[in-house]
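Undergrad: can't give you the sequence, but here's the structure:
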């Protein structure tokens, strides 16, 4: 009996230590920034300019502005939790081909942007990028498409719930950190210890613009049901695109039919330029 009690105590201490470790190390489980840029748009034959964007709390974000001839609108791109903007250049090529300008920027702590990543920080970064397009590039809100990939999805949805963009696109996005973490770590009291929200589902309830959602049934990181739940939450004009492939190899730019589906939705639902 004493041996069983000692074993129970040992297991309890081990479990509590694991919970504490996860609690303290959450940022390292959410953010995987890479400071080194491996490519530039010029290497893919794209004209671009580097931009510096000041945030409300004093950080400086680095990004790329890629214009399109006779642009139909402008995409503000929010990338996922790993790497940096140099790993998303295929999106720049796709958007230019579809006839849209793109602002692709790094969150604080990623690439050449200053600071350390945090949830509240990424929201400030989103607001700063939005203001940059309005003030510096003179882009009207109704001419903006917020595109969020994976972790970028809840950031884009958060911004769309507070501003008035023309369109919102969510690719391989989760409903919330707690929902996703509960599936990944079912043995941990995730909802009690999580310091992150990134609640896409909640933000979507306040989004009024048309929404395009893309997700793959083969996504091994963010289960397909997350995309389905997000789609069900949208009350306005919407479209769901079923992708194929895993979380890190099932991208919209990989298939002409997927690009066409997105481009058609954007063309049909975005307001025409006034100039």
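TA: Nice, I can see it. Bear in mind that the values here come from a model prediction, so they are computed numbers and not experimental data.

Undergrad: which regions of the stretch 51-200 of the chain sit below the pLDDT cut-off?
TA: Along the stretch 51-200 of the chain, the parts satisfying pLDDT under 70 run over 187-189, 193.

Undergrad: hey, where'd the helices end up in it?
TA: Ranges of helices within the stretch 51-200 of the chain are 89-98, 119-135, 152-162, 177-184, 190-193, 200-204, based on DSSP state H, counting those that start in this stretch.

Undergrad: of all these, which lies closest to residue 30?
TA: With CB to CB as the measure, helix 177-184 is the member of these nearest residue 30 (7.3 Å). All C-beta atoms are positioned from the backbone trio N, CA, C, and that covers glycine.

Undergrad: how about residues contacting that closest one?
TA: Residues outside helix 177-184 that contact it (CB atoms under 8 Å, 6 or more residues apart in numbering): 30, 174, 188, 190-191, 194, 196-199, 201, 222-223, 226.

Undergrad: do that again at 6 Å, thanks
TA: 174, 190, 191, 194, 196, 198 (CB atoms under 6 Å, 6 or more residues apart in numbering).

Undergrad: ends of stretch 126-146, what's the gap?
TA: 10 Å (CA to CA, to the nearest Å).

Undergrad: list the buried residues in it.
TA: Neighbour counts over stretch 126-146 (16 or more other CB atoms under 10 Å) mark 126-130, 132-133, 139-140, 142-146 as buried.

Undergrad: would you check which pair of these lies furthest apart?
TA: Among the buried residues of stretch 126-146, 128 and 142 lie farthest apart (CB to CB), at 20.0 Å.

Undergrad: picking up where we left off before, residue 155: which of the buried residues of stretch 126-146 is nearest?
TA: residue 126 (5.2 Å).

Undergrad: for residue 116, see how far away the closest one is.
TA: 16 Å (CB to CB, to the nearest Å).

Undergrad: relative to residue 212, how far out is residue 100?
TA: From residue 100 over to residue 212 (counting by CB to CB), the distance is 13 Å.

Undergrad: actually residue 181, not the one I wrote
TA: 26 Å.

Undergrad: the more surrounded of these two?
TA: residue 212 (25 against 21; other CB atoms under 10 Å).

Undergrad: mind listing what the helix or strand where that one lies pairs with, with the direction of each?
TA: Assessed by DSSP states H and E, residue 212 sits inside strand 211-215. Partners of strand 211-215 in the sheet, by DSSP bridges, are strand 167-171 (parallel), strand 238-242 (parallel).

Undergrad: sweet, I'm off.
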